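[1] I would like the atomic coordinates for the input below:
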Amino acid sequence: MPAGNDSGKFRRWLEALGLDKYLKEFEADKLVHIGLFFILVALWCWAVAELKISYLSKFLSFIIVAQTWFFYGIAMEFVQEYLKNGRSFDVKDMIADGIGCGLALLASIPFIRRKQSADPL
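    Take a look at the predicted model:
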């Protein structure tokens with residue numbers, strides 16, 4: 001099946017859902033923001049999961065890690081705005097950072113239980 005035909009089906013599917021306007025406005029650097037913040041939060045959550053603390057403490061620590069990196073992303077956008085270093089302030093970058101943090105938090109939660117059951121404390 002030719003790739004062009006699949007692309008047309010995908011575009012019609014997006015149009016039917018009303019998502020085609022978002023595809024036109026899509027910026028690839030947002031995927032980079034999502035990916036980087038996902039990796040940052042996931043690695044920190046992995047480190048926290050190795051600690052010998054209670055389930056609730058790990059869960060709250062995961063949330064604190066995700067919030068900290070999210071606020072870091074917001075702060076960096078304001079730094080870009082006020083330092084005039086050739087980069088620009090973009091609210092969409094903050095949203096992408098938040099999405100990456102949230103996805104990593106959701107992906108990391110199962111590791112609390114898995115690690116908890118492996119380490120009887």
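[2] Residue 40 is in contact with residue 69, isn't it?
    Yes: under the criterion of CB atoms under 8 Å, residue 40 makes contact with residue 69 at 5.3 Å. Glycine gets a C-beta too; all of them are placed from N, C-alpha and C.
[3] how many neighbours does residue 42 have?
    Each residue near residue 42 was counted by other CB atoms under 10 Å, and the total is 20.
[4] Can you give me the pLDDT of it?
    Note on residue 42: pLDDT of 96.
[5] Below-threshold pLDDT in the protein: ranges please.
    Within the chain, the ranges that satisfy pLDDT under 70 run 1-7, 22-26, 114-121.
[6] which stretches of it form helices?
    Under the criterion DSSP state H, helices of the chain are mapped to 3-17, 20-24, 28-49, 55-83, 91-118.
[7] if I look at the residue nearest in space to the middle of the chain, how far off is residue 50?
    Nearest to the geometric centre of the chain sits residue 100, at 0.4 Å (CA atoms, centre = their mean). Note on residue 100: its distance to residue 50, by CB to CB, to the nearest Å, is 22 Å.
[8] coming back round to it: pretty sure the residue nearest to the centre of the chain sits against residue 32.
    No: contact criterion CB under 8 Å: residue 100 and residue 32 do not qualify, at 9.5 Å.
[9] Give me the common contacts of the two.
    Both residue 100 and residue 32 lack any common contact, where contact means CB atoms under 8 Å, 6 or more residues apart in numbering.
[10] And stretch 42-56, how far out from the chain middle?
    Per CA atoms, centre = their mean, to the nearest Å, the displacement of stretch 42-56 from the mean C-alpha position of its chain is 18 Å.
[11] Can you give me the end-to-end span of stretch 43-63?
    13 Å (CA to CA, to the nearest Å).
[12] Please read the previous query as pertaining to stretch 80-97.
    15 Å.
[13] Number of residues surrounding residue 106?
    Residues within reach of residue 106, counting by other CB under 10 Å, total 11.
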